[in-house]
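Trainee: Got a sequence here, can you model it:
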Amino acid sequence: MEVNISRYKKYKKKKYHKKTNYDIKAKKVRLIHPEKGSFGIVSIQEAMNKAKKFNKDLVEIAPTAKPPVCKIMDYSKYLYHQKKKAKKAQKQNASQLKEIQFRPNIDDHDYNFKMKHIQEFLDKGHKVKVVVRFRGREMAHQELGHEIIARLKKDLKDYGSFEKNPTMEGRFLIGYMTNN
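Mentor: Residues are numbered from 1 along each chain as shown. As a prediction, this is how the structure comes out:
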């Protein structure tokens, strides 16, 4: 009687874990060759022997098929590639929050330069935090900050819009833009 030995117990909780070697309970399996083709339907013992012959693991690919489909592969390498793929997908999906700061008395060139950056961020699918920072006596002229926000709304209406009206938080007028 063979003992249920698996080198991959620590991976069982992961979503991409597959049954390997002695964890497979089916009597017969459809066996796939490591490089090309298939061996057809064979007994589990014969499949294990072929896997040992190739010095690789027997991995259950499709457990719900009749009979289950197993492939001879290097399971450690498979897990490595699955983790790498998951990490890459996570990086692509994660949109970031970008912040652009303005001052109430900003020059036209500086305004246009920052506006182009906001356009690029919105095109890439990022959320943009627009901050108008007031210092000293500028607090007495908060309408200048609201004018900058209104100008941004008008200039960037094709690229995105503000989630809600910008609000004053201390010395900052803050609004969040998202793409349409």
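Trainee: And Lys14, what's its pLDDT?
Mentor: Confidence at Lys14, expressed as pLDDT, is 55.
Trainee: Please pull out the lowest mean pLDDT helix or strand from this protein.
Mentor: Using mean pLDDT, DSSP states H and E, the weakest-scoring helix or strand in the chain turns out to be helix 75-93, at a mean of 81.
Trainee: buried ones in the helix or strand that that helix is followed by?
Mentor: Going down the chain from helix 75-93, the next helix or strand is strand 97-102, by DSSP states H and E. Neighbour counts over strand 97-102 (16 or more other C-beta atoms under 10 Å) mark 98, 100, 102 as buried. Every C-beta, even on glycine, is put in place using the N, C-alpha and C of the backbone.
Trainee: what's the answer for stretch 145-158, then?
Mentor: Buried-residue list, stretch 145-158, by 16+ other C-beta under 10 Å: 145-146, 148-149, 152-153, 156.
Trainee: mind checking how far Glu60 is from Lys18?
Mentor: 5 Å (C-beta to C-beta, to the nearest Å).
Trainee: Name the residue in these two with the higher neighbour count.
Mentor: Lys18 (23 against 19; other C-beta atoms under 10 Å).
Trainee: so that one sits in a strand?
Mentor: No - applying DSSP: H, G, I helix; E, B strand; the rest coil, one finds Lys18 to be coil, outside a strand.
Trainee: Quickly list what the closest residue to it other than its chain neighbours is bridged to.
Mentor: Nearest non-adjacent residue to Lys18, counting by C-beta to C-beta, 6 or more residues apart in numbering: Val59, 5.0 Å away. On the basis of DSSP bridges, Val59 is bridged to Thr20, Lys71.
Trainee: for Val59, what are its contacts?
Mentor: 18-20, 70-73, 75, 78 (C-beta atoms under 8 Å, 6 or more residues apart in numbering).
Trainee: 10 Å - rerun?
Mentor: 8, 18-21, 23-24, 32, 51, 69-75, 78 (C-beta atoms under 10 Å, 6 or more residues apart in numbering).
Trainee: Okay, and which of the buried residues of stretch 145-158 map to helices?
Mentor: The members of the buried residues of stretch 145-158 that map onto helices under DSSP state H are 145-146, 148-149, 152-153.
Trainee: I'd say Gly175 and Lys127 touch.
Mentor: No - Gly175 is beyond contact range of Lys127, at 11.1 Å (criterion: C-beta atoms under 10 Å).
Trainee: Which residues are in contact with each of the two?
Mentor: Glu163.
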